[in-house]
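Peer 1: Show me the folded form of this:
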Amino acid sequence: MSMEQIIDKYFRPGRLPHIWCPGCGNGVITGAIVKAIDQVGLDQNAVAVISGIGCSSRASGYLDFNTVHSAHGRAIPVATGIKLADPSLNVVVITGDGDATAIGGNHLIHAARRNIDMTVVLYNNSIYGMTGGQYSPMTPLGSKATTAPYATIEHDFNVTELVKAARATFVARATTFHTQTLIDLIAKGIQHKGFSFIEAVSACPISFGRQNKMGGPDAMMMWQRDHAAPLAAWEKLNDEQRQGKFPIGILYEDTSRMEYTEAYDQLIAKAQGGKK
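Peer 2: Numbers count the residues shown, from 1 in each chain. As a prediction, the model looks like this:
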């Protein structure tokens, strides 16, 4: 299917062009999500896309699915309610590095712990882009932001390790440079029965790139190419060679744990049967 056909099928008529800045990676990630949904062959009416607040979260308004543009940091609890109300729905959460790991951080770790069947795609551009370029919990140590003019002194989250420690059962990462990999990982996350988390490393040339003198959008894409290592290659690197780089691919997967809504249905059946 061509990109024009993808847009005609999966985007709401009259909503484009989008609001994102030139060179922003959000369009690439949003395109990857709809291509993954198309790749899996899901019925649009059986898909619910929930977003919070931020640049990335504007994506839900462009997409022609069942969608909710919720409050700041609250996409995951809204998605949880939707999944519990109708477990047959394929629930996708669109969120950003600030939306998911700051105000929404508590919801993120508990959804992972519960193993609720949803696919969370975190657009990581390392900054609060929409509200003025403040640093987020995922802004790299030593980076500049409007709220860190002398550079950040806080260590950033490794969010994939965070959700893995919280017992997510599918954890993956890709970049906007590695677009086909990103599409494939989102598709696998959708097909996984349980809590799936995909970090999409993106670029914000305006708010992050300018403050940190990273060059234009093309230079920031090349940075992704040069600093991301496929997992097979990453595992062969020693600690010194890993400095400044990060792995991409499926970082963790566990198919042995029961999914939350299935366990909840069993609990209801037990209660209705009067069994303890």
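Peer 1: Please report phi then psi for residue 8.
Peer 2: phi -60, psi -40 (degrees, to the nearest 10).
Peer 1: What count of nearby residues applies to it?
Peer 2: The number of residues packed near residue 8 is 12, by other C-beta atoms under 10 Å. All C-beta atoms are positioned from the backbone trio N, CA, C, and that covers glycine.
Peer 1: for the stretch 151-276 of the chain, what spans make up the helices?
Peer 2: Along the stretch 151-276 of the chain, counting by DSSP state H, counting those that start in this stretch, helices occupy 159-165, 179-191, 217-227, 231-234, 239-242, 260-272.
Peer 1: Outside of the third one itself, list whatever touches it.
Peer 2: Surrounding helix 217-227, the residues in contact under the criterion C-beta atoms under 8 Å, 6 or more residues apart in numbering are 22-24, 175-178, 201, 203, 205, 209, 214, 244-246.
Peer 1: rerun that using 6 Å as the cut-off
Peer 2: The contact list for helix 217-227, computed with C-beta atoms under 6 Å, 6 or more residues apart in numbering, reads 23, 175, 177, 201, 203, 205, 209, 214, 245.
Peer 1: One more: the last one?
Peer 2: Among residues not part of helix 260-272, those counted as contacts by C-beta under 6 Å, 6+ apart are 87, 114, 115, 116.
Peer 1: Just the ones of those residues in helices?
Peer 2: Among those, the members found in helices (DSSP state H) are residue 114.
Peer 1: what about stretch 60-77, how long is it end to end?
Peer 2: With C-alpha to C-alpha, to the nearest Å applied, stretch 60-77 spans 16 Å between its terminal residues.
Peer 1: Mind listing residues that contact that stretch?
Peer 2: 10-12, 15, 44, 47-53, 78, 93-95, 99, 103-104, 107, 111.
Peer 1: Emit the ChimeraX select command for whichever of the residues you listed are buried.
Peer 2: Restricted to buried positions by 16 or more other C-beta atoms under 10 Å, the ChimeraX selection for these reads:
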select :10,11,47,48,49,50,51,52,53,78,93,94,95,99,103,104,107,111
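Peer 1: still on that earlier bit, present the contacts of helix 217-227 as CSV; the columns should include neighbour count.
Peer 2: Shown next, in CSV, are the contacts of helix 217-227 (neighbours: other C-beta atoms under 10 Å):
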residue, neighbour count
23, 17
175, 25
177, 22
201, 26
203, 28
205, 22
209, 21
214, 17
245, 14
